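S.K.: Pasted the sequence and its predicted model underneath.
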Amino acid sequence: MNARRLRVSAIAAAVAATGLLAAAPALVARESSHGSIERGRYLVYAGDCAACHTDERGQLFAGGRPIPTPFGTIYSTNITPDPETGIGNWTSDDFYRAMHEGVAPGDRRLYPAFPYPWYTKLTRADVDDIRAYLSTLPAVKQANKPSELPWPFSMREVMAGWNALYFKQGTFKPNPQKSAEWNLGAYLVEGAGHCGSCHSPKNFAGAPKRDKAFQGGYGEHWYATSLGGDLHDGLGQWSVDDIVRYLKTGANARAAAFGPMAEVVHDSTQHLDADDLHAIAVYLKDLPPHETGTRSASANNGNNVDHDRLARGRGVYVDDCAGCHMDNGEGIPGVFPPLKGNSVVQAQDPETVVHIVLSGEKTAVTRENPTGLAMPAFDWKLDDQAIADLVTYLRNDWGNHGAPVDRDKVASTRSTIVAARTR
Amino acid sequence: MATKLPPVDVVLVGFGWTASILGQELTDAGLQVLALERGSFRDTVPDFATTQIQDELRYAVRNELFEEPERETLTFRNSADQTALPMRHLGSFKPAAGAGGAGVHWNGQNWRFLPTDFMMRSHTEQRYGKRFIPEDMTIQDWGVTYDELEPFYDRFEYLCGISGQAGNLNGAIHDGGNPFEGPRKRAFPLPPLARSYGTVLFDKAAKEAGYKPFPCPAANTSKPYKNIYGVQMGECTYCGFCEWFGCGNYSKSSPQTTIFPVLLEKDNFELRTHMSVTKVLLDSSGKRATGVIYVDPQGREFEQPADLVILTAFAQHNVHLLLLSGIGKPYDPTSGQGVVGRNYAYQITSSVDVFLNEIVNPFMGAGALGQAIDEFNGDNFDHGPQKFVGGGYIALWTTGGRPILQHHLPKDAPKWGSGWKKAMADNYLRTVSIATHGSVMSYRDAYLDLDPTYRDEYGNPLLRLTFDFHDNEHRMSDFLTDKAAGIAKAMKARDIHVKQRKGHYTIVPYQTTHNTGGAIMGTDPRTSVVNSYLQSWDVPNLFVVGSCAFPQNAGYNPTGTVGALAYWAANAIRTQYLKKQGPLVSA
Amino acid sequence: MSFVPSRRRLLKAALVPSAATVVPLRFVPSAAAESVAAPGQFPFFTAVEFTFVEAAVARLIPNDELGPGAKEAGVATFIDRQLAGPYGRAATWYMRGPWRDGTKEQGYQLRLTPAQLYRTAIADVDAWCSNQKQRPFAEQDAAAQDTLLHGLESGDVKLARAPAKDFFQMLLQNTVEGFLADPLYGGNRGFAGWKLIGFPGPRYNYVAEIQQYGKRYKMPTVGLLGRDGSRTRES
């Protein structure tokens, strides 16, 4: 990982060393004549605000989208400039307080489904720019929907306690021992990008475990793989260019974005400049390999996986998957993701790969990759045992390693999907 | 009373290949385009998913992806002294319904016509004399040349990612390709597909017989391919379920796999499905189209105004609409006057089944995986001694081995009983078939008009088809069949079964969906419906695009030429018509 | 000849035992160990009709040394389900009049849907048998059944209402369909039809195998619902 650190120019390194970078890390190409609105627009892409603050058939940024949390559903709010139902009447201090402290006007505490624990890192200048852009949107009159959280979570005062325990408020502080580019990447990932809100494991209270940052977590019924350096279920095999390509186009030779991540790529990362994406990649490649607690030496060579299961799983694979993912599991790079060496397939929690076998998915649609190739659903065709056998096989052939998957895991994933669909 | 809707720049009637091409090209030119499709929207996932698409009964036998005669059909008779009766269920040809049209379910056999094909009348007269052409054979020159169409053939091929081997590059003949093809400017976008055993055996036998076989150009991708619009396609895996089925892994060229991802996202494009266009509206002068009438699933009528109306439905449906709308003078076979419905043509096919000793695994295949010879197509050979006009290619296709419809049994095999079982067991894995694919000329007595008796669900008269094979076609087809039998014999099989096309044209067994003519293009409004740019002579803001434009049919599958004509028309609209909206050719 | 039901014909038909009248259930025990479907549970056929069809398909594709025939493969069940569905109703066909006999080039011009053709023809065949002083078709021996089927095929057997040749062609076509369609539709049970001919079922990747010339493909037979050839989908 150290070898991957980018060599920055001497001047930038010197600047970093003096800590003068403590002010807003320069986002590439933003110091333009367009000023703060254009910069704000870009930051809104980076923060992926539109995804949550726009309902499926609703108007842009007018809120109303249901956000599932482990504690119940909350609805995103209207952040258009409407004075009654939106944030038109907020001052810039109000807006900054919401982003930085998680508190809305009237001392109303926000739930961390709104990722203020990450947005807290944004500088005041950046937050002001975001506000400047949002103020240019058409005002939409749409009242906010009340959240559907059971007591006591319905009481926002509860958040005071949660914040006290789990929320570390504060603007991003560059690490003087890292390059300017690394710091830029850190600012984007830990701040606007709020990647940890899915990719970090959370505790029982739904707070991210800081000591296990980016080691895999859950987002909207999907398991988001570790972004750490593990070779099997992290980014250990990915190059910086792989990461950049993935974020820009939705696919690379190793993987394709689908589910919520396809949305992230479509709404957010495909709009970021190559240099910013490169900085993100540099930062991510510097994450250490994580502890793979359930992985043991014996699982690593598949010895404790039943051979009959593997044979049955292989049968399902040849019958149902080889048409796209090919006989050797290598798919077509950039088109149908390889399953060989795939970090989603080998993830500690196989929830995502089970989910996608059940429901199918469409890959990200981006400017560079407009096709939106899709995988069909197999829920009607394969029963729980067949999928369990299949996924166990996928996790243990072609050099892959992963714990076997049992039928109950498939059954529970199936019912989660059904429940989400019938909402 | 039809509800009048806000106007659009362009309305496209039907949403298959030609509509997708014109939609893409005209939206790129900044126009606001609306496509009206009477069928449903369909896409690779979920409609053609690998999980369920290889279902022969559902798609090939019960015809799930095709038009339902209950909703749209025609009446048929061989000759005018008969009463035409409805085609009550699909048989000889199977038009599509739904987004993507026949582009979804075709095999992907993609050809260019020969340079001489476009000059059928003048070339034939010049080489063989005026009297070589029978008096009732109404063949014509197209009004466009191969050279003019070449860049547009190229564009369609690079849209699709055609897999093939060039035989004529800028006049230089290259081994391994079709030595008879018209000159192409550059190679195919993809190399040929992998060879199946059947095509290898044919190749060997054809060479021994002195011919120059070559891999058939295929709209099945031999490699992953990103096309001219940046749309990504997969790679064919030879699943053997091409024709009648959608492709589940993005490796058959269709509007879905080549155009939809970019077209459907555009702000200036809209698609309305389940809307049936029943009429093109004209203003009081009769020289200007004002829009179309369409009917929704509830039976409510809507008037859709548009500046430019383009008929992009399947061939004969375009003709039907012209007749129902009173556009152009309907053809009268007795007087020979009139143009709409004139010069209907089709394809004449035959085959030779070859029963080998070797296992050839017919179920491994692709829709356009074949090896062909073109020595007997077009005017590639001297017709003088033959005394017929036309020709066709001879090919061994290995498109699949679907059990119900794609098994071949020797001539004397019992039709049922234990003898049938034995014949099936002995032959299924070891049989290939050589196909001849012959041209059909146009004739005075082959035409489309409106039926006097039978009506559709809207109360409109059905289209009536009057058509039969003539002596010319039979002689030509027998000639090809004979040549095919020669190659079959050289394959040293256990047995061969020569199946000539005999007797009258029948609407019952499937042959091809290569219906052509009825709204033909030409240089003279007295003998054509549209001009060289597929613009209506009568109504300059109406274009009619499809194989209905062919003055007669050639000895190749039509889609490549249909695609080229669509690009050619789109180009004419963009570069000429939009500047000055009027006739592009003076009558 | 098109089917024009005259009052007289209908009345005459009513006088002979037909499928519509109640007759004691005649179960012809088959050579195979199991019957494919329990009587009285048919989506379209009556028990008598089902027995007829099962007997007919057993002759069209017999059980023999090459393997199971159409009866064992559940083809009667297949046809039953097909006739109960849109195919049986001719849902996608143009079934508007006027009705005329056509040339053979003009194809199917019967007013009858497939379901109606079967129902009418089955009753007609048994009526014909009765008129000939024969037992109902399903109770005849194999040779006699073959003779009768040949007669329908050639048109030598003239039925009271249904056109014999049209009925035979439809029955034969549906029998082949049922023997060779995916087993999810109720026929081709245990992949009997596919195993006979060597079709391995729907798979999507032959990239490696297509160039292994002359080599038999050895993967187990599979259907759309998997490798269990007895799995069907009620539809």
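M.R.: Yes, it's here. Quick caveat, the model's predicted, so the values are computed rather than measured.
S.K.: Going by C-alpha atoms from here, please, whenever you check contacts or count neighbours.
M.R.: Will do.
S.K.: Helices of chain C, residue ranges please.
M.R.: Ranges of helices in chain C, per DSSP state H, are C:7-15, C:47-60, C:75-84, C:114-131, C:142-154, C:164-180, C:192-197.
S.K.: Pipe the ones you listed into TSV and attach mean pLDDT and distance to chain A per row.
M.R.: Shown next, in TSV, are the helices of chain C (pLDDT from 0 to 100; distance: least, C-alpha to the nearest C-alpha, whole Å):
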stretch	mean pLDDT	distance to chain A
helix C:7-15	35	47
helix C:47-60	97	30
helix C:75-84	98	20
helix C:114-131	97	30
helix C:142-154	98	40
helix C:164-180	98	19
helix C:192-197	98	16
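S.K.: Include distance to chain B and mean neighbour count when you put the ones you listed into JSON lines, please.
M.R.: Formatted as JSON lines, the helices of chain C follow (distance: least, C-alpha to the nearest C-alpha, whole Å; neighbours: other C-alpha atoms under 10 Å in any protein chain shown):
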{"stretch": "helix C:7-15", "distance to chain B": "26", "mean neighbour count": "11"}
{"stretch": "helix C:47-60", "distance to chain B": "5", "mean neighbour count": "23"}
{"stretch": "helix C:75-84", "distance to chain B": "10", "mean neighbour count": "25"}
{"stretch": "helix C:114-131", "distance to chain B": "12", "mean neighbour count": "21"}
{"stretch": "helix C:142-154", "distance to chain B": "9", "mean neighbour count": "16"}
{"stretch": "helix C:164-180", "distance to chain B": "6", "mean neighbour count": "21"}
{"stretch": "helix C:192-197", "distance to chain B": "5", "mean neighbour count": "22"}
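S.K.: can I get the ones you listed in a markdown table with distance to B:G143?
M.R.: Below are the helices of chain C laid out as a markdown table (distance: least, C-alpha to C-alpha, whole Å):
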| stretch | distance to B:G143 |
| --- | --- |
| helix C:7-15 | 61 |
| helix C:47-60 | 56 |
| helix C:75-84 | 50 |
| helix C:114-131 | 48 |
| helix C:142-154 | 52 |
| helix C:164-180 | 46 |
| helix C:192-197 | 51 |
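S.K.: quick one: contacts for B:C548?
M.R.: With contact set as C-alpha atoms under 8 Å, 6 or more residues apart in numbering or on different chains, B:C548 has these partners: B:315-316, B:318-319, B:344, B:515-520.
S.K.: so which strand or helix has A:A279?
M.R.: helix A:274-285 (DSSP states H and E).
S.K.: and the gap between B:S433 and A:H266?
M.R.: Counting by C-alpha to C-alpha, to the nearest Å, the gap between B:S433 and A:H266 amounts to 49 Å.
S.K.: Surely B:P95 is in contact with B:E68?
M.R.: No - B:P95 is beyond contact range of B:E68, at 9.0 Å (criterion: C-alpha atoms under 8 Å).
S.K.: quick one: B:V498 and B:G392, what's the gap?
M.R.: 17 Å.
S.K.: Compare these two (neighbour count), which wins?
M.R.: More crowded of B:V498 and B:G392, by other C-alpha atoms under 10 Å in any protein chain shown: B:G392, with 30 against 20.
S.K.: contacting residues for the more buried one?
M.R.: By C-alpha under 8 Å, 6+ apart, B:G392 lies in contact with B:374, B:376-378, B:436-439, B:480, B:554-556.
S.K.: Do you know the pLDDT at residue 42?
M.R.: Reading this off chain A. A:Y42 is assigned 95 on the pLDDT scale.
S.K.: To clarify, I was referring to chain C.
M.R.: C:F42 carries a pLDDT score of 93 in this model.
S.K.: Could you report the neighbour count for it?
M.R.: Neighbours of C:F42 (other C-alpha under 10 Å): 16.
S.K.: Distance check, the closest residue in space to it that isn't next to it in sequence against A:T85.
M.R.: Once flanking residues are discounted, C:F42 sits nearest to C:D80: 6.9 Å by C-alpha to C-alpha, 6 or more residues apart in numbering or on different chains. Plainly put, C:D80 is 61 Å away from A:T85 if you go by C-alpha to C-alpha.
S.K.: residue ranges for the helices of chain B, please.
M.R.: According to DSSP H, the helices that chain B contains are B:17-28, B:44-47, B:56, B:102-105, B:120-128, B:146-160, B:197-208, B:255-258, B:260-263, B:315-325, B:418-427, B:471-490, B:559-572.
S.K.: Dump the fourth one to PDB, restricted to CA.
M.R.: When you say that, I think you mean helix B:102-105. Only the C-alpha atoms of helix B:102-105 are listed here, as PDB (Å, rounded to 0.1, in the frame of the first residue of the first chain):
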ATOM      1  CA  ALA B 102     -38.500  -8.000 -35.300                       C
ATOM      2  CA  GLY B 103     -35.100  -6.800 -34.200                       C
ATOM      3  CA  VAL B 104     -35.700  -8.700 -31.000                       C
ATOM      4  CA  HIS B 105     -36.400 -12.100 -32.400                       C
END
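S.K.: hmm, back to that, for PyMOL, what selects the buried ones among the contacts of B:C548?
M.R.: Per 16 or more other C-alpha atoms under 10 Å in any protein chain shown, the buried members of the contacts of B:C548 correspond to this PyMOL selection:
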select buried, chain B and resi 315+316+318+319+344+515+516+517+518+519+520
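S.K.: you'd agree B:D43 is up against B:Q256?
M.R.: Yes - in this structure, B:D43 is within contact of B:Q256 by C-alpha under 8 Å, at 6.2 Å.
S.K.: what about those two, which has more around it?
M.R.: With neighbours defined as other C-alpha under 10 Å, B:D43 and B:Q256 compare such that B:Q256 has more, 28 against 21.
S.K.: OK, contacts around the more buried one?
M.R.: B:43-44, B:100, B:104.
S.K.: filter those down to the ones close to chain C.
M.R.: Among the contacts of B:Q256, not one lies near chain C by C-alpha under 8 Å from any C-alpha of the partner chain.
S.K.: right, and the pair among those with maximum separation?
M.R.: B:T44 and B:G100 (10.6 Å; C-alpha to C-alpha).
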